[in-house]
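Enquirer: give me a model of this one.
(one chain, ligands or ions: 2)
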Amino acid sequence: MMWEQTREGAGTTMPGGDQEPGSYYVGVDVGTGSVRAALVDQRGIILAFADQPINRWEPQFNHHEQSSEDIWAACCVVTKQVVQGIDVNQIRGLGFDATCSLVVLDKQFRPLPVNHEGESHRNIIMWLDHRAVSQVHRINETKHRVLQCVGGVMSVEMQAPKLLWLKENLRETCWDKAGHFFDLPDFLSWKATGVTARSLCSLVCKWTYSAEKGWDDSFWKMVGLEDFVADNYSKIGNQMLPPGASLGNGLTPEAAKDLGLPAGIAVAASLIDAHAGGLGVIGADVRGYGLACEGQPVTSRLAVICGTSSCHMGISKDPIFVPGVWGPYFSAMVPGFWLNEGGQSVTGKLIDHMVQGHAAFPELQAKATARCQSVYAYLNSHLDLIKKARPVGFLTVDLHVWPDFHGNRSPLADLTLKGMVTGLKLSQDLDDLAILYLATVQAIAFGTRLIVEAMEAAGHSLSTLFLCGGLSKNPLFVQTHADITGMPVVLSQEAESVLVGAAVLGACASGDFTSVQEAMARMSKVGKVVFPRLEDKRYYDKKYQVFLKLVEHQKEYAAIMKGD
Ligand SMILES: Nc1ncnc2c1ncn2[C@@H]1O[C@H](COP(=O)(O)OP(=O)(O)O)[C@@H](O)[C@H]1O
Ligand SMILES: O=C(CO)[C@H](O)[C@H](O)COP(=O)(O)O
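Expert: Residues are numbered from 1 along each chain as shown. Ligands and ions are numbered 1, 2, ... in the order given. This next block holds a predicted model:
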């Protein structure tokens, strides 16, 4: 855990200080790899931060599982850490966000196994799990109207195919015994309050619920999940609340003891992690930074949340249908606005995969450790050493990567796509590793450019990227996104701005702010702006042409192999 220094002119109480008491909020963010918590004040300043890794199991290729009990235990550890040393009565609200993973509990709220091994502690099918390929094909073949709101094609990462997989594969050990299917963010708010109401965010974005029309019975009947209709959706949610709404009577005494917080404090209806990141960044006051979006509506801002995956969150006043991009979802992130969510299923995970799988990785690790640096900081400085007189990006003139090692989420919405690398040589030294890493970072940024172009072609008008998540701490990743999209990138004052988004929820639930918009505007702040290097545009435009050719060729190869 780290405590931040008191900032000049802050004027409110710092933990353990003896100034005038302030109001604090606790945000808890459950990512793919770890659980984080922060103690946040009314200006959105993070006063304390803690994190803890979480267990993951991959019992078979494309099966990814977690444990809801493990995750709750980790939430308790990090929350207790961030509130140490303050008067907990100053904490006014608690907000959770989490990955959109599927939690399964029985009728007595005990974990049920989502695996053939019958391991009941592994009761979460993670968002990146691709076990339900056959189920999602059948769902997409129905061409049901609800698919219009997920870009025309449902993703294997959404909940309906996973539920169908459980029904078809684990009927006795899981499906028949199940009493509650939760999205992970809703599981956490239930655990904290005992309230089973779901957040509109999770149900609208991952479960086909419509904020305006409710559940569509015909969809569930058509795909073979009519069971939910018959029991009035009690297992998947028949009471919904907007994100940030206060749940029940707040924190239960039992959860309060677990978390080290006072019973009864306000707990907010949750958000999916990417959406919390969006709230944490897009409402910032941008005056004085020379940004085009200063004079434009908030709809010109695209929040990009870059962790294990990347999510591209764009809002609009009217619904916009973007082929291959999820949404439009009403009020699923910012109340009153429609949301489109583009995404790349693996980004941080892809960079880790490329770097860790290279023959020179042990050498890299040893050298980075000797310098007390992360491997990424070491690679970035190594690239600077070998670039000579040219810009770093030009090192990949003959090395190109297509990044869909886990299928394409947006805008091609094709889970069968695979990764590609062209330009390999026999050498396997640190220079090669660094250049492959660079080409991977560039490929991810080209993927963002493709998503931005699809959103703009459908009616969005975007001028500025707002990046957050673990990858936004990598200066090479940030500059490359600016250079390749041609847009400035805004980074928040708080590097952990997803947690500021979670705290915005807690602040709303406490009643200290009248709306999510007001809390966002007060609590999200610009830290740094990175402008594109326009002189490199021609080079990146050429590489983008190659990027587009890669996928075209991949489809041609697949067609050749399918032919007689
Ligand atoms: N300081 C850093 N520099 C470079 N990359 C980083 C840094 N911190 C985290 N990352 C990358 O970000 C990814 C994880 O981001 P994070 O937001 O923590 O993920 P998640 O929310 O999915 O758990 C990892 O792939 C990691 O390599
Ligand atoms: O689908 C998503 C959001 O809608 C995210 O990709 C998923 O929740 C995982 O997030 P992260 O990569 O930050 O762990």
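Enquirer: got any ranges where the stretch 1-150 of the chain has weak pLDDT?
Expert: Scanning the stretch 1-150 of the chain for pLDDT under 70 picks out the ranges 1-21.
Enquirer: what about the closest residue to ligand 1 within it, how many residues nearby?
Expert: Nearest residue of the stretch 1-150 of the chain to ligand 1 (Cβ to the nearest ligand atom) works out as residue 31 at 2.3 Å. For every residue, glycine as well, the C-beta is placed using N, CA and C. Neighbours of residue 31 under the rule other Cβ atoms under 10 Å: 22.
Enquirer: could you do residue 58 as well?
Expert: A count of neighbours around residue 58, defined by other Cβ under 10 Å, yields 12.
Enquirer: kindly report the same for residue 135.
Expert: 24.
Enquirer: residues contacting the residue of the stretch 1-150 of the chain closest to ligand 1?
Expert: Neighbour list for residue 31: 99, 273, 307, 308, 470, 498 [criterion: Cβ atoms under 8 Å, 6 or more residues apart in numbering].
Enquirer: the second one against residue 99, yeah?
Expert: The one in question is residue 273. Yes. Counting by Cβ atoms under 8 Å, residue 99 is a contact partner of residue 273 at 5.5 Å.
Enquirer: near ligand 1, from the contacts of residue 31?
Expert: When contact is defined as Cβ under 6 Å from any ligand atom, the contacts of residue 31 meet ligand 1 at 307, 308, 470.
Enquirer: how far away is the nearest residue to the first one once chain neighbours are set aside from residue 24?
Expert: What sits nearest to residue 307 in space, not counting adjacent residues and going by Cβ to Cβ, 6 or more residues apart in numbering, is residue 469, at 4.2 Å. Computed as Cβ to Cβ, to the nearest Å, the residue 469 to residue 24 distance reads 23 Å.
Enquirer: determine whether any part of whichever helix or strand residue 355 is part of lies close to ligand 2.
Expert: Assigned by DSSP states H and E, residue 355 belongs to helix 348-356. No. Contact of helix 348-356 with ligand 2 is not found when judged by Cβ under 6 Å from any ligand atom; the minimum separation is 6.8 Å.
Enquirer: list the buried ones in that helix?
Expert: Within helix 348-356, the residues that count as buried by 16 or more other Cβ atoms under 10 Å are 348, 349, 350, 351, 352, 354, 355.
Enquirer: do the same with stretch 109-125
Expert: For stretch 109-125, the neighbour count (16+ other Cβ under 10 Å) marks 111, 112, 113, 114, 115, 120, 122, 123, 124, 125 as buried.
Enquirer: OK, contacts around the second one?
Expert: What it means is residue 112. Contacts of residue 112 by Cβ under 8 Å, 6+ apart are 104, 105, 106, 120, 123, 173, 174, 177, 178.
Enquirer: greatest separation within these: which pair is it?
Expert: Using Cβ to Cβ, these span at most 13.8 Å, a distance reached by 105 and 173.
Enquirer: near ligand 2, which residues of this structure? Just list them.
Expert: Within the chain, the positions adjacent to ligand 2 are 31-32, 99-100, 127, 272-274, 307-309, 311, 341, 343, 469 by Cβ under 6 Å from any ligand atom.
Enquirer: keep only those of those residues that are in helices.
Expert: Under the assignment DSSP state H, the residues of the chain next to ligand 2 contribute 273, 274 to helices.
Enquirer: hmm, residue 367 is touching residue 378, no?
Expert: Yes. Between residue 367 and residue 378 a contact is recorded at 6.1 Å, counting by Cβ under 8 Å.
Enquirer: the more surrounded of these two?
Expert: Neighbours per residue (other Cβ under 10 Å) separate residue 367 from residue 378, with residue 378 holding more: 19 against 16.
Enquirer: what's the closest non-adjacent residue to that one?
Expert: That would be residue 368: by Cβ to Cβ, 6+ apart, it lies 3.9 Å from residue 378.
Enquirer: for residue 123, same thing?
Expert: Excluding its sequence neighbours, the residue lying closest to residue 123 (Cβ to Cβ, 6+ apart) is residue 111, at 3.7 Å.
Enquirer: do residue 508 as well
Expert: Residue 508's closest residue in space is residue 244 (Cβ to Cβ, 6+ apart), at 3.4 Å.
Enquirer: where's that neighbour relative to residue 520, distance?
Expert: Applying Cβ to Cβ, the value for residue 244 to residue 520 is 10 Å.
Enquirer: show me whatever sits in contact with both of the two.
Expert: Joint contacts of residue 244 and residue 520 (Cβ under 8 Å, 6+ apart) are residue 504.
Enquirer: of all the buried residues of helix 348-356, which comes closest to residue 161?
Expert: Using Cβ to Cβ, these come closest to residue 161 at residue 349, 20.8 Å.
Enquirer: contacts only, for the spatially closest residue to that closest one that is not a sequence neighbour.
Expert: Spatially, and ignoring its direct neighbours in sequence, residue 349 is nearest to residue 308 (4.7 Å; Cβ to Cβ, 6+ apart). For residue 308, the contacting residues are 31, 32, 33, 128, 346, 347, 348, 349, by Cβ under 8 Å, 6+ apart.
Enquirer: can you check the pLDDT for residue 308?
Expert: Note on residue 308: pLDDT of 97.
Enquirer: try residue 427
Expert: We have a pLDDT of 89 for residue 427.
Enquirer: same question, residue 564
Expert: For residue 564, the pLDDT comes out at 79.
Enquirer: who has more neighbours, residue 273 and residue 99?
Expert: Shown here are residue 273 and residue 99; by other Cβ under 10 Å, residue 273 has more neighbours (29 against 24).
Enquirer: so where is this protein shaky, pLDDT-wise?
Expert: The chain contains residues with pLDDT under 70 at 1-21.
Enquirer: which residues of it lie near ligand 1?
Expert: Contacts of the chain with ligand 1, taken as Cβ under 6 Å from any ligand atom, map to 31-34, 307-308, 348-349, 351-352, 374, 376, 469-471, 473-474.
Enquirer: can you do 5 Å?
Expert: 31-33, 307-308, 348, 352, 376, 469-471, 473-474 (Cβ under 5 Å from any ligand atom).
Enquirer: one step back: tell me the one of the contacts of residue 308 nearest ligand 2?
Expert: Distances from ligand 2 to those, taken by Cβ to the nearest ligand atom, are shortest for residue 32, at 3.4 Å.
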